[in-house]
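J.: Dropping a prediction and its sequence here:
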Amino acid sequence: MNPRRHRLVQRRGWDRAAAHYERCWLRQLAPAHDLALATAAPQPGERALDVACGGGAVTLRIAAAVAPTGCVVATDLSPNMVAATAAQAVAAGLTNVDAVCCDAEALDVDGPFDVAMCSLGLMYVPEPGAALGELRRVLRPGGRVVTTVWGERRGCGWAGIFGIVDARVDSDVCPLFFALGAPGALSGALAGAGFVDVEQTRLRTHLDYPDADGAIGAAFLGGPVALAYARFSPEVRHAVHAEYLASIADFATPHGGYRIPGEFVVASARQP
Ligand SMILES: C[S@@+](CC[C@H](N)C(=O)[O-])C[C@H]1O[C@@H](n2cnc3c(N)ncnc32)[C@H](O)[C@@H]1O
C-alpha cells in the first residue's frame, strides 16, 4: 500500500460519501456510538477532540455533553465531512464546535484535551500507530481516549463489498480494514502508543435495512468504496449490486429487508 495514494483515495471517497453517510449509517451505528460515548463520558466543561468526525454524529453528542462551558474540536481528512459537521453544529444551535480539516496522523489542533475520541476512523488510516501517537500528544496527562473500529471480518456480514469492488479496481480500497478488529489488536495498538489502563469491549449487533435499496445505498454510496463506485459504468453498477445482494442473501428478512450482522471493538485508555 502506498500511504499517500491511500490518503488521497480516502479523502476523495469520503468527500463523495459525505452527502449520504449519515442517512445511510446513523441508525445502524447507534449502538457503537452509544457505547463509545458512554465509555468516554464527556463531562460539562471539558475540552474534547473528535478525530475522523465524519458528518458530526458523535461530535454533536460530545458538544451537548460538555456544554455550556466545554468545547469540542472535530477533525477529518475530508473537507466535505468537515463542512457537514460544521453545518450540523449550526443547525443544532451548538456554538462550542470547531471543525478542522486535517489528517489523523498530523493533527493540526491546539491541545491539551481532557478527552479524545476516534469513532470508526482508524481503519482508514495508513499508519494507525501514528494517529494514536498524535492523540496521545494532544491529550493532557491523565486524559482519556476512546476509539472504535469494526470487528473481525467474519462478524461483519457486509464485508463481501470489498472483494466485489476490489475485483474491479487496480488497488485494494481498504487493505487494512479489519486488522484492528482482530482479538487484542486495538488494545495492543493503544498500549504500543504509550497509553495506560487499556480496556476493550467487543460489541455484536445488527445493521437493519428496510429493503435492498437501503442496503445497497449504505454499501456503495455512503462508505469507503464511494469513489470507486462513482467511476463504475451503469452495467458494472448493476453487476456489483447483484453480487452484493447475493453476498448478504443469508441475512434477508421475510419482509424484503436485511438484518446484517455487525461487530465493533470499542477500546479506552488513558494518557499516563
Ligand atoms: C466511517 S466515517 C466515521 C465518522 C464518524 N466518526 C462516525 O463514527 O460516524 C470515517 C471517517 O474517517 C475519515 N478519515 C479517513 N481517513 C482519515 C485520516 N487519515 N485522517 C482523518 N480522517 C480520516 C473519513 O473522511 C470519514 O469521515
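T.: That came through, no problem.

J.: So what's the gap between stretch 204-212 and the chain middle?
T.: Using C-alpha atoms, centre = their mean, to the nearest Å, the mean C-alpha position of stretch 204-212 is found 17 Å from that of the whole chain.

J.: Return the nearest residue of the stretch 151-272 of the chain with respect to the ligand.
T.: Closest contact between the stretch 151-272 of the chain and the ligand, by C-beta to the nearest ligand atom, is at Gly223 (6.8 Å). Where you see a C-beta, it was placed from the backbone N, CA and C, and this is true even at glycine.

J.: Could you list the low-pLDDT ranges of the stretch 101-250 of the chain?
T.: Counting by pLDDT under 70, the low-confidence segments of the stretch 101-250 of the chain come to 171-173.

J.: Helices along that one, start to end?
T.: 128-138, 160-166, 185-192, 212-220, 226-230, 234-247 (DSSP state H, counting those that start in this stretch).

J.: Other residues contacting the first one?
T.: Outside helix 128-138, the residues that touch it by C-beta atoms under 8 Å, 6 or more residues apart in numbering are 49, 51, 104-107, 109, 111-113, 116, 118, 121-122, 125, 145, 147, 176, 180, 189-190, 192-195, 271.

J.: Spatially, what comes nearest to the residue of the stretch 151-272 of the chain closest to the ligand if we skip its sequence neighbours?
T.: If you skip the residues right next to it in sequence, Gly223 has Ala17 as its closest partner in space, 5.9 Å away by C-beta to C-beta, 6 or more residues apart in numbering.

J.: Surely the one you found is in contact with Ala218?
T.: No: contact criterion C-beta atoms under 8 Å: Ala17 and Ala218 do not qualify, at 10.1 Å.

J.: near the ligand, which residues of the protein?
T.: Near the ligand, the residues belonging to the chain are 7, 10, 14, 29, 52-54, 57-58, 76-78, 81, 103-105, 119-121, 124-125 when assessed by C-beta under 6 Å from any ligand atom.

J.: Restricted to strands, list these.
T.: When DSSP state E is applied, the residues of the chain next to the ligand are split such that 76, 119 fall in strands.

J.: Buried subset of the residues of the chain next to the ligand as a ChimeraX selection?
T.: Buried members of these, defined by 16 or more other C-beta atoms under 10 Å, are picked up in ChimeraX with:
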select :7,10,14,29,52,53,54,57,58,76,77,78,81,103,104,105,119,120,121,124,125
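
J.: how about the closest residue to Val109 other than its chain neighbours, secondary structure?
T.: Of all residues beyond its chain neighbours, the one nearest Val109 is Val73 (5.1 Å), with distances taken as C-beta to C-beta, 6+ apart. Classification of Val73 into helix, strand or coil gives strand, according to DSSP: H, G, I helix; E, B strand; the rest coil.

J.: show me what contacts the residue in the chain positioned nearest to the ligand?
T.: Nearest residue of the chain to the ligand (C-beta to the nearest ligand atom) works out as Gly54 at 2.4 Å. Residues near Gly54 by C-beta under 8 Å, 6+ apart: 14, 18, 21-22, 76, 81, 84-85, 119-121.
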